[in-house]
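[1] here is the input, now give the coordinates:
(2 chains, ligands or ions: 1)
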Amino acid sequence: MAGKTLYDKLWQDHLVRQNEDGSALIYIDRQLLHEVTSPQAFEGLRLAGRRPWRIDANLATPDHNVPTTDRSTGVDGIQDPVSRIQVKTLDENCESFGITEFKMNDHRQGIVHVVGPEQGATLPGMTVVCGDSHTSTHGAFATLAHGIGTSEVEHVLATQCLITKKMKNMLVRVDGELGTGVTAKDVVLHVIGVIGTAGGTGYAIEFGGSAIRSLSMEGRMTICNMAIEAGARVGLVACDQTTIDYVRGRTYSPTGENWDRAVEAWQDLVSDDDAEFDTVVEIAAADIEPQVTWGTSPEMVTGVSGEVPNPADEADAVKREGYTRALQYMGLGANQKITDIQLDRVFIGSCTNSRIEDLREAAAVVKGRKVAATLKQALVVPGSGLVKAQAEAEGLDRIFTDAGLEWREPGCSMCLAMNPDKLGQGEHCASTSNRNFEGRQGFGGRTHLVSPAMAAAAAIAGHFVDVREFVKQ
Amino acid sequence: MNKFTQHQGIVAPLDRANVDTDLIIPKQFLKSIKRSGFGPNLFDELRYLDEGQPDQDCSGRPLNPDFVLNKARYQGTSILLARKNFGCGSSREHAPWALEDFGIRAIIAPSFADIFYNNCFKNGLLPIVLDEAVVDQLFAETEASEGYQLSIDLERQCVIKPDGSEIAFEVDAFRKHCLLNGLDDIGLTLQYADDIRDYETKRRASAPWLFDTIK
Ligand code: SF4
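    The predicted model follows:
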């Protein structure tokens, strides 16, 4: 019999009940909650007179709507009344159901996907869910992590389980050494360019190979974060010493005898050597250069030395049509060089790239330089209060502000522009976030997804540049 | 939840691949703490020429005459014909809520994004996957004849064309059962409360750290 994949093992460990029709009940160890997708779930519980099954398995924090500027006036100071109500509703729901919440002005507040791992609330071998598609981030810990809808949030609150179906297994193996200046973000954008935004639909993708093994936890989180942009609800990286070292000593990590037992159990959180995957994609690390998206879907991506494609060269009619529409929306011409794209704003942040390592990478590029005069704004938004404090302890905030970038309070910010940070119509933005959909960062806004180092270099140059050349200057 | 058994209605063709959830319902409308009222903002950026705001009366806003759902012949649409990877992007259930509130009961496409597909079933909306060639054919027929309607029979798992011919589709048994009967998942799962408790007891013994309290 063939061995098991990591996903197979995680599935098996959490299976409560397998139904004959193929659906199954799996147990959920941790649920993360934020203000946007939870109010209707709490309301549902209330209407049905239900209580949460295990209150202590939940952790909440507001992130999407919170302002990233001055917060001294608290929640009442949130300008937009609708945002304010949503944040208040989360506070009220957590209070009335007894759920632990890091409120807006708590120093531990931040983007759920940054906060969970940072607190040790995400542990190897767990199942983690959140009403947010980027829950795939937590798979970096060999954790089975799904994004779910609001009805499912309510279901998990009420039953501690999720009704789901087993996915297929895909292995994306990235072997070899990444070139200097090529980061985890470039790897995942490149993978999406290869397999497409629907390439992973129906699969749990395990990222493996020597290039993945050599990444830090921050890098692995960046990769798993964007598994959903390849269509896969679940991204995974096997557990190893890097994982264990990251988890040790965090607030909710096990201690004492439990720690030893846990570490022993975590040794098994790898795919067996003889495990069979339904699909295997092999990628050579050496082929990857810094990436930039030119269109309105993450698969519309190319290397920084490349150019915007010409739709006329595309044989597939639906694709050609999609390319034409994307170029029109983005205000770009066929065969335009990527490095000729002029920028209006730069955004460094989001659950993809707002951890300490990302900020270090960006700071190293802007240090001693000045943001281009043509830029309207360059924002740096740390992923959590703790990341912010750490960055400030290292002096990164000064490097940014000296260079002319703004240093903000933690939250989702311009990743989806539910708070006041947004793009104006027609503006081009180099963004370290994960989605370049139409209107994502503001009505008519034009997003280009890049790594923190590439965003930083673009902020200085005012247009895209190859960060590898740039740092030599 | 609404039941879905049989449905007949006007079909509108949304001819574009990878329609994402930001397009279905832009984020400014996600600030609502309610489940209803999203219909007027369905496809907001495609449907209107101006930028929509939450809690705004949409009746006086300038419509985009080129957008399919604004065309006279597609008024009253309840079946949406779409291209591949429909519903990609975020997990927001506001997307099916908006479709449902607008009056859409079923969506036919060659493929759907996983989370969106799942969310549809929780809201009485039926996503139907058909072969790309079949979908192409339906696009051609819908565009060719004004007032084109399809019937859907979930029990028999088929789409019935105006000429009476039938196209079979797959749907998994559990989801079908819930949709046909308008069943609430939570109630169903709680029937297995003992299984959940048994699981917890065993798991607590083998992996006690998973039950450390968040506080
Ligand atoms: S940072 Fe962006 S992608 Fe991440 S949770 Fe927030 S809004 Fe979603």
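[2] going forward, measure contacts between C-alpha atoms and count neighbours the same way
    Noted.
[3] number of residues surrounding A:Gly22?
    Look at A:Gly22: counted by other Cα atoms under 10 Å in any protein chain shown, it has 12 neighbours.
[4] quick one: the longest strand anywhere in chain A to chain centroid distance?
    Longest strand in chain A, counting residues (DSSP state E): strand A:168-175. Going by Cα atoms, centre = their mean, to the nearest Å, the spacing between the C-alpha centre of strand A:168-175 and its chain's C-alpha centre is 19 Å.
[5] OK, contacts around residue 43?
    Using chain A here. By Cα atoms under 8 Å, 6 or more residues apart in numbering or on different chains, the contact list for A:Glu43 is empty.
[6] try chain B instead
    For B:Phe43, counting by Cα under 8 Å, 6+ apart, the contacting residues are B:23-26.
[7] can you list those in TSV and add neighbour count, distance to B:Asp114 and secondary structure?
    Shown next, in TSV, are the contacts of B:Phe43 (neighbours: other Cα atoms under 10 Å in any protein chain shown; distance: Cα to Cα, whole Å; DSSP: H, G, I helix; E, B strand; the rest coil):
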residue	neighbour count	distance to B:Asp114	secondary structure
B:Leu23	22	17	helix
B:Ile24	22	16	helix
B:Ile25	26	17	coil
B:Pro26	26	19	coil
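[8] these also near chain A: which ones?
    B:23, B:26 (Cα under 8 Å from any Cα of the partner chain).
[9] how about the contacts made by the closest residue to the ligand within chain B?
    Nearest residue of chain B to the ligand: B:Ser90, at 7.8 Å (Cα to the nearest ligand atom). Residues counted as contacts of B:Ser90 (Cα under 8 Å, 6+ apart) are A:132-134, B:20-22.
[10] what do you get if the cut-off is 7 Å, keeping everything else the same?
    Counting by Cα atoms under 7 Å, 6 or more residues apart in numbering or on different chains, B:Ser90 touches A:132-133, B:21.
[11] and for A:Gly131?
    A:33, A:37, A:147-150, A:153, B:91.
[12] not counting sequence-adjacent ones, nearest residue to it?
    Of all residues not flanking A:Gly131 in the chain, A:Ile148 sits nearest, at 4.8 Å (Cα to Cα, 6 or more residues apart in numbering or on different chains).
[13] the longest strand that chain B contains pairs with which strands?
    Determined from DSSP E, the single longest strand within chain B is strand B:6-14. Using DSSP bridges, the strands paired with strand B:6-14 in its sheet are strand B:77-82 (parallel), strand B:149-153 (antiparallel).
[14] could I get the first one in PDB with only the CA atoms?
    Extracted in PDB, the C-alpha atoms of strand B:77-82 (Å, rounded to 0.1, in the frame of the first residue of the first chain):
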ATOM      1  CA  THR B  77     -33.200  36.600 -14.800                       C
ATOM      2  CA  SER B  78     -33.000  33.800 -12.300                       C
ATOM      3  CA  ILE B  79     -30.400  31.500 -14.000                       C
ATOM      4  CA  LEU B  80     -26.900  32.800 -14.600                       C
ATOM      5  CA  LEU B  81     -24.800  31.300 -17.300                       C
ATOM      6  CA  ALA B  82     -21.100  31.800 -16.600                       C
END
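[15] follow-up on the earlier one: tell me the most buried of the strands paired with strand B:6-14?
    Ranked by mean neighbour count, those are led by strand B:77-82 with a mean of 22 (mean count of other Cα atoms under 10 Å in any protein chain shown).
[16] next structured bit after that one?
    The C-terminal neighbour of strand B:77-82 among helices and strands, as given by DSSP states H and E, is helix B:94-102.
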